[in-house]
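**Q** give me a model of this one.
(one chain, ligands or ions: 1)
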Amino acid sequence: MAVFQSIRNFFVPTTIFEPEIIVSAPLTRYEIRPLTDKHLKEVLKLNLRCFKSGENYTKYTFSYLLNEPKTLSYRIVTPSEQIVAFVFIMTNMDGTGHITTIGVAPEHRRRGLANKLLRHTEEALRKRNINTVMLEVRVSNLPAQNLYREFGYATVQRLVGYYNNGEDGFLMVKSL
Ligand SMILES: CC(C)(COP(=O)(O)OP(=O)(O)OC[C@H]1O[C@@H](n2cnc3c(N)ncnc32)[C@H](O)[C@@H]1OP(=O)(O)O)[C@@H](O)C(=O)NCCC(=O)NCCS
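**A** Residues are numbered from 1 along each chain as shown. Have a look, this model is predicted:
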């Protein structure tokens, strides 16, 4: 709980408002790789495209997460090394993991990339003897809730007014 309260304070309102026309990307191969500080700029740009309405992590939050030894972060790339998906997970001393953010480029969605990232995340956490994973999701974010539910996450709490715009969130948890 302490972790997600601290991360929550790093949210800022999104500043990009232009609508984007999404054209599905040509089918391609995808690979998962570690995400490091040298990818900061690219992941920041992708993050803005993923979280257009509501709130967004700042550059400083991403920089903090990328340099925090207890945080795991992965990217999915195309053969041309373009980052099309990312996930950040904080690991805690109490044996829990916390998915702080996950996003997939709009033109690469519904191809199992989030699924791939979550599977990879779980393997990485198991190797570190982490046996519980938690996350928060907006009550309005049905795609993400479907994803997590399908993956075995259960809603354990409604977080009233959790987001800065007053929207409630759900706390979802999974035992590994
Ligand atoms: C949520 C998100 C990460 C899903 O990424 P994705 O790569 O498209 O997801 P996947 O292809 O792995 O989908 C896995 C399952 O999630 C669910 N899902 C994903 N997108 C969905 C949608 N638009 N509507 C309904 N269910 C959806 C489905 O159950 C899907 O399985 P299916 O394709 O067999 O039906 C992506 O839509 C995204 O980046 N959204 C914006 C950022 C965001 O909301 N992140 C989560 C914050 S908590």
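
**Q** got the contact list for His120?
**A** Applying Cβ atoms under 8 Å, 6 or more residues apart in numbering to His120 gives the contacts Ile32, Tyr74, Val87. C-beta here means a position set from N, CA and C on the backbone, and glycine is covered the same way.

**Q** longest helix of the protein?
**A** Longest helix in the chain, counting residues (DSSP state H): helix 113-127.

**Q** how about the helix or strand following it and the ligand, any contact?
**A** Next helix or strand after helix 113-127 toward the C-terminus (DSSP states H and E): strand 132-138. Yes: against the ligand, strand 132-138 shows contacts by Cβ under 6 Å from any ligand atom at Val137.

**Q** for Arg75, which non-adjacent residue is spatially closest?
**A** What sits nearest to Arg75 in space, not counting adjacent residues and going by Cβ to Cβ, 6 or more residues apart in numbering, is Leu35, at 4.2 Å.

**Q** any weak-confidence spans in this structure?
**A** Scanning the chain with the threshold set as pLDDT under 70 gives 1-18, 53-55.

**Q** what residues are up against Gln157?
**A** Gln157 makes contact with Phe170, Leu171, according to Cβ under 8 Å, 6+ apart.

**Q** still on that earlier bit, restricted to buried residues, select the contacts of His120 in ChimeraX.
**A** Per 16 or more other Cβ atoms under 10 Å, the buried members of these correspond to this ChimeraX selection:
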select :32,74,87
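
**Q** residues of the protein that sit close to the ligand?
**A** So the chain meets the ligand at 50-51, 102-104, 109-115, 137, 141, 143-144, 146-147, 150 (Cβ under 6 Å from any ligand atom).

**Q** any of the residues you listed buried? List them.
**A** Buried residues within the residues of the chain next to the ligand, defined by neighbour count using 16+ other Cβ under 10 Å: 50-51, 102-104, 109, 111, 113-114, 137, 141, 144, 147.
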